[in-house]
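1. Predicted model and sequence below, questions to follow.
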Amino acid sequence: MLEGMVHFVRVVEAGSFSAAAQLAGMNPSSVTRRIDQLEAELGARLLVRSTRRLQLTPQGEQFYSQCVDILASVENARQSFRQPNVDIQGSIAVTTFDTLGRETLVPLLPEFRAMYPETRVSLSLKNQLVDLYDSPFDLGIRYGKPTDSNLICRPLIKTSGVLLASPKYLVSRPAIKAPEDLHQHDCLTFYRPRQFAWWHFRNGSEYRKIKVVGSLSADGGTPLIMWCRRGQGIALVSRNFAEKEIREGSLSVVLPQWTAALSELDDASIYLVWTPAAGRKPIVRAMIDFLVQKLASDL
């Protein structure tokens, strides 16, 4: 099965049977036959063939992730006999959103560099949902599980949304007893993506979807929290990044009986996301392992 794993990973990362066959010096039909044999052995379909691009099935996505780990372990064992002191080196580019980057990654990345001094790390905080297949980035960190099944992801931080306002703002405005009352208030919003103009609320079996209009808007959570503290309105942000303000009392939780989210799916987890090709780079695997280890208490 190990040989089948190698061919499967090569096909996924090359993007086609013909490209994988060329890399292996084989006929495309031979590679196709190896994958067919692997699927038969597993009793599961791993790939959906199409004229545009190969697509991993859910079982294929899971199996690919396991194959990468297994093959990496095999390679590490092999290299331990040949080059026991080889260090992680090279460049890695990471993209994430402003608040997580400033509050969490910026302090952590120098520690990664200290562990691996032969590396170069680039960090982007543009709050954009980057296409990792068509960008220079090796690793993305974003809210919610990606819908593209060709991407590999791993949950990094479990969090939840929270509705916040300053005590000064709350005492000067009408009481908020239900999500619909937000129509009478100044809301502080993300100006992209567009779907963030809707706030989603759940309370047991009850569900409400409220369209909000931002009196002030920004492309990151940091400005929203700052405006919120200054009494400019109500913001829906990740609880992880406002714990200090909540604990100190500079911000109060609004509608605490309701669970608030920016997505109907209510998946507030933060995920590490990467392409299959990037996942083969030792520096990317090292960064993934480093971040999971450092943020394990938040999982």
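-> On my side now, so go ahead.

2. Could you identify the helix or strand that succeeds the helix or strand hosting Glu39?
-> Using DSSP states H and E, Glu39 sits within helix 28-42. Sequence order places strand 47-48 as the next helix or strand after helix 28-42, per DSSP H and E.

3. Name every strand pairing with that next one and say which way it goes.
-> Using DSSP bridges, strand 47-48 pairs in its sheet with strand 55-56 (antiparallel).

4. Give the rounded mean pLDDT of the partner strand.
-> What strand 55-56 shows for mean pLDDT is 87.

5. ok, residues contacting it?
-> 12, 46-48, 64, 149-150 (CB atoms under 8 Å, 6 or more residues apart in numbering). C-beta here means a position set from N, CA and C on the backbone, and glycine is covered the same way.

6. again, but for stretch 15-27
-> For stretch 15-27, the external contacting residues (CB under 8 Å, 6+ apart) are 7, 10-11, 13-14, 28, 30-32, 35, 53-54.

7. Now list the buried members of these.
-> 7, 10-11, 13-14, 31-32, 35, 54 (16 or more other CB atoms under 10 Å).

8. got the end-to-end distance for stretch 97-112?
-> 19 Å (CA to CA, to the nearest Å).

9. same deal with stretch 198-207?
-> As for stretch 198-207, its first-to-last residue distance stands at 13 Å under the measure CA to CA.

10. so how far is it from its chain's centroid?
-> A distance of 23 Å separates the centroid of the chain from that of stretch 198-207, by CA atoms, centre = their mean, to the nearest Å.

11. now the helices: where do they sit in the chain?
-> Counting by DSSP state H, one finds helices in the chain at the ranges 2-14, 17-24, 28-42, 58-82, 98-100, 106-115, 167-172, 221-229, 243-248, 282-294.

12. can you tell which of those is closest to Tyr143?
-> Counting by CB to CB, Tyr143 lies closest to helix 98-100 out of those; the figure is 9.1 Å.

13. And Glu118, how close does it get to Asp87?
-> Distance of Glu118 to Asp87, given as CB to CB, to the nearest Å: 5 Å.

14. got it, and Tyr271?
-> In terms of CB to CB, Tyr271 sits 28 Å off from Asp87.
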